[in-house]
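>>> Need the 3D shape of this:
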Amino acid sequence: MGTSKRLAAHYDMRSQNQTILAAARVGPLQSLTDRELALREQPVTIYPQPFRTVRAWVRFGAEAVRVDAKLARSTPLAAGIEFRAGDQTFRCWVWGNAVAVDEDYA
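Prediction:
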């Protein structure tokens with residue numbers, strides 16, 4: 001018996017949403033600080049919709065989770081991302097090397 005790629009993607013998304021929501025209960029979503037971002041010294045690029053789809057590592061408290069996200073902003077060293085889980089939208093800044101372009105959607 002074969003498997004459906006469409007259903008596999010659906011189950012992967014559900015699993016990721018459950019993982020994100022469980023991590024969100026452990027601790028708050030962490031974001032880079034103003035000092036780390038140095039926005040007064042670094043140029044910021046704001047991307048119009050549709051955003052670029054990326055895979056990124058984020059932290060909720062001490063819990064690290066890899067998420068499918070949208071790239072909303074960037075500096076030479078950091079990426080401003082947003083992602084959804086359930087009915088919640090999360091936004092944070094992460095280091096640029098924590099983000100990879102999702103080639104499936106590029």
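
>>> Would you point out which residue is most central in the protein?
What sits nearest the mean C-alpha location of the chain, by CA atoms, centre = their mean, is A69, with 3.7 Å.

>>> Are there helices or strands packed against the top strand by length along the chain, and which ones?
Longest strand in the chain by number of residues (criterion: DSSP state E): strand 63-74. Strand 63-74 is packed against helix 5-26, strand 45-46, strand 52-60, strand 78-85, with contacts defined by 3 or more CB pairs under 8 Å, 6 or more residues apart in numbering; DSSP states H and E. (C-beta placed from N, C-alpha, C; glycine too.)

>>> Now do the third one: everything it contacts.
By that I understand strand 52-60. The list of residues contacting strand 52-60 from outside it, by CB atoms under 8 Å, 6 or more residues apart in numbering, reads 20, 23-24, 26-30, 64-71, 79, 81, 83, 90, 92, 94, 98-102, 104-106.

>>> Could you list the buried residues of that strand?
R52, V54, R55, A56, V58, R59, F60 (16 or more other CB atoms under 10 Å).

>>> Looking at those residues, which gets the smallest pLDDT?
Going through these one by one, the lowest pLDDT turns up at R52, 86.

>>> partners of that residue in the sheet?
L71 (DSSP bridges).

>>> cool, and V65?
Under the criterion DSSP bridges, V65 forms beta bridges with V58.

>>> Return the residues in contact with it.
Contact partners of V65, counting by CB under 8 Å, 6+ apart, are T19, I20, A23, W57, V58, R59.

>>> Just want to check the distance between the fifth one and V101.
Put plainly, it is V58. In this structure, V58 and V101 are 16 Å apart, going by CB to CB, to the nearest Å.

>>> ok, now A24?
The span separating A24 from V101 equals 25 Å under the rule CB to CB.

>>> A79 contacts K70, correct?
No - counting by CB atoms under 8 Å, A79 sits too far from K70 to count as a contact (10.3 Å).

>>> circling back: and the buried residues of strand 52-60, which two are furthest apart?
Farthest apart among these by CB to CB are R52 and F60. That separation is 23.0 Å.

>>> Low-confidence ranges, this structure, go.
Confidence mapping of the chain against pLDDT under 70 gives the ranges 1-13, 50, 103-106.
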